[in-house]
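Student: 3D model of this:
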Amino acid sequence: MTTDADQRSGEGHMFTKIIVPIDLEDCERIDDVLRVTAQIAEANNAEVHLLSIIDAAPAVVAQQLPQGYERMAAKTVEQDLANLIDRMDVTAGRVTTAIRFGGVYQEILAHAKKTGADLIVIGSHKPNVADYLLGSNASRVVRHAECSVFVVR
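Tutor: Coordinates of the predicted model:
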């Protein structure tokens, strides 16, 4: 039986699948997110899923892109994610990667649901005025996720 004290101290609950959305353009937070994720993953013997979202181009822009653009973009992102795995201090074989196309927070939530994730580790910048009016992707993930969310600042 798990008591309230156990839950508050973190005992009695283990994370088994961790989704880590990676913004490859936000280099200053990636190392912190990877370090925190590795600590949580190792402590819980959890799987890690590095996820990158390629934002869907508006239809007008998409018409101007070369044939096969999405495939070429995915190939580059795939290599970048593979390089990040090498930088993580996680037991070999427990980190996988995924690439999704679409809106950032919607795809994060969809991937978490699809994989049965019980934790999302996401980086976030300090909020600015636009974030208060529109909401950042991280805050939307926190509000709408069906699993726990750990925000790394």
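
Student: low-scoring stretches of this structure, by residue?
Tutor: The chain contains residues with pLDDT under 70 at 1-13, 126-135.

Student: which residues in it form helices?
Tutor: Secondary structure of the chain (DSSP state H): helices at 4-9, 27-44, 59-62, 69-87, 104-115, 129-134, 137-144.

Student: separation between the residue nearest the centre of the chain and Gln64?
Tutor: Nearest to the geometric centre of the chain sits Pro21, at 1.7 Å (C-alpha atoms, centre = their mean). From Pro21 over to Gln64 the distance is 27 Å, taken as C-beta to C-beta, to the nearest Å. Quick note: C-beta positions are derived from backbone N, CA and C, even for glycine.

Student: what of Ala74?
Tutor: 19 Å.

Student: rewinding a little: mean neighbour count for the helices of the chain - can I get that in a markdown table?
Tutor: Formatted as a markdown table, the helices of the chain follow (neighbours: other C-beta atoms under 10 Å):
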| stretch | mean neighbour count |
| --- | --- |
| helix 4-9 | 10 |
| helix 27-44 | 17 |
| helix 59-62 | 8 |
| helix 69-87 | 13 |
| helix 104-115 | 19 |
| helix 129-134 | 10 |
| helix 137-144 | 18 |
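
Student: so who does Asn44 touch?
Tutor: Met14, Phe15, Thr16 (C-beta atoms under 8 Å, 6 or more residues apart in numbering).

Student: of the residues you listed, which is the most crowded?
Tutor: Top of the contacts of Asn44 by neighbour number is Phe15, holding 21 neighbours under the definition other C-beta atoms under 10 Å.

Student: which ones are touching that residue?
Tutor: By C-beta under 8 Å, 6+ apart, the contact list for Phe15 reads Ile40, Ala41, Asn44, Ala46, Asp118, Leu119, Ser148.

Student: equivalent analysis for His111, please.
Tutor: His111 touches Ile19, His49, Leu51, Ala98, Arg100, Ala117, counting by C-beta under 8 Å, 6+ apart.

Student: give me that answer again for 10 Å
Tutor: Neighbour list for His111: Ile19, Pro21, His49, Leu51, Ile53, Ala98, Ile99, Arg100, Ala117, Ile120 [criterion: C-beta atoms under 10 Å, 6 or more residues apart in numbering].

Student: before we move on, what about Val151?
Tutor: With contacts defined as C-beta under 10 Å, 6+ apart, the neighbours of Val151 are Val33, Val36, Ile120, Val121, Ile122, Gly123, Ser124, Ala138, Ser139, Val141, Val142.
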